[in-house]
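Visitor: just need the structure, nothing else, for what follows:
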Amino acid sequence: MSDIFVSYSRRDSTFVAELHNKLVAEGHDVWVDWEDIPPTADWWAEIKSAIEEAHIFAFVISPNSVRSDICRDEIQHAIDNNKRFIPILFQEIEDIDAPYVHSAIRSHNWIPFISEDIYESSFKKLTDAFTTEPDYLRRHTRLLVRAKEWITNNRQPSYMLEGAELREFQAWLERSHTREPKPTELQYEYILASQTQRTRNQLRWAGGIIIGFSVVAILSIFA
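Guide: Numbering: from 1, shown residues only. Predicted coordinates:
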């Protein structure tokens, strides 16, 4: 799992490389796709997995990136999975590019990186997002990854939450009502399915004990 996934246009690589190096120098785990290759099914699966496994999704805003179909797909996948979303303004968007701006970008506060004199203050705002309820974010990511794994394996019971881990995420779900990002529908379903499986296991265990006592009682009568 990474702290942040950075979505950007390859034409803005110089800025992204500088941002990446500064984040890494401060100890953050950053996921950036540096390879300018044609999209394939395997490539897109890797991108989606990287977004899901990142605590934060950052989008570098520029005329190049808002017009990119790939960037729009990455944004949509982050939104679909309720990732903490941070738009980073690298270059101003002119009126001609405005229609291409994804609706999710419009609904978030942008962190401007458009001039050197505000770079450091903007960088601090970005890193502050990592330290705002980091435990909540990490659990959101971990639960999403576990739920996706459960789906990939045809909802097998062996991939469900149990014991202390189930109690941990039940408590996390209760706290999520007043926090962002919210749980996804899949996360709700996964916890509910795990609770149901736990109840079934408890009933089987109780039934086994009752049967065991019944057998002992019957044997005692015959004895």
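
Visitor: what about the helices in this protein?
Guide: Read by DSSP state H, the chain holds these helices, from start to end of the chain: 13-25, 41-52, 63-66, 69-80, 103-106, 119-131, 134-152, 163-175, 185-222.

Visitor: and those helices, which is most packed in?
Guide: Looking across the helices of the chain with neighbours counted as mean count of other CB atoms under 10 Å, the highest average goes to helix 63-66: a mean of 21. To be clear about C-beta, it is placed using only N, CA and C from the backbone, and glycine gets the same treatment.

Visitor: residue ranges with poor pLDDT in the chain?
Guide: Across the chain, the stretches falling below the confidence threshold (pLDDT under 70) are 35-39, 202-223.

Visitor: so which of the helices of the chain gets nearest residue 113?
Guide: Between residue 113 and these, the shortest separation by CB to CB is 5.1 Å, and it involves helix 119-131.

Visitor: any chance you could list what contacts that closest one?
Guide: Surrounding helix 119-131, the residues in contact under the criterion CB atoms under 8 Å, 6 or more residues apart in numbering are 3-4, 19, 22-23, 26, 28, 55-56, 58, 84, 86, 88, 111-113.

Visitor: in stretch 96-109, what counts as buried?
Guide: Within stretch 96-109, the residues scored as buried using 16 or more other CB atoms under 10 Å are 97, 101-102, 104-105.

Visitor: of all the residues you listed, which comes closest to residue 172?
Guide: Each of the buried residues of stretch 96-109 was checked against residue 172 using CB to CB; the closest is residue 104, at 24.1 Å.
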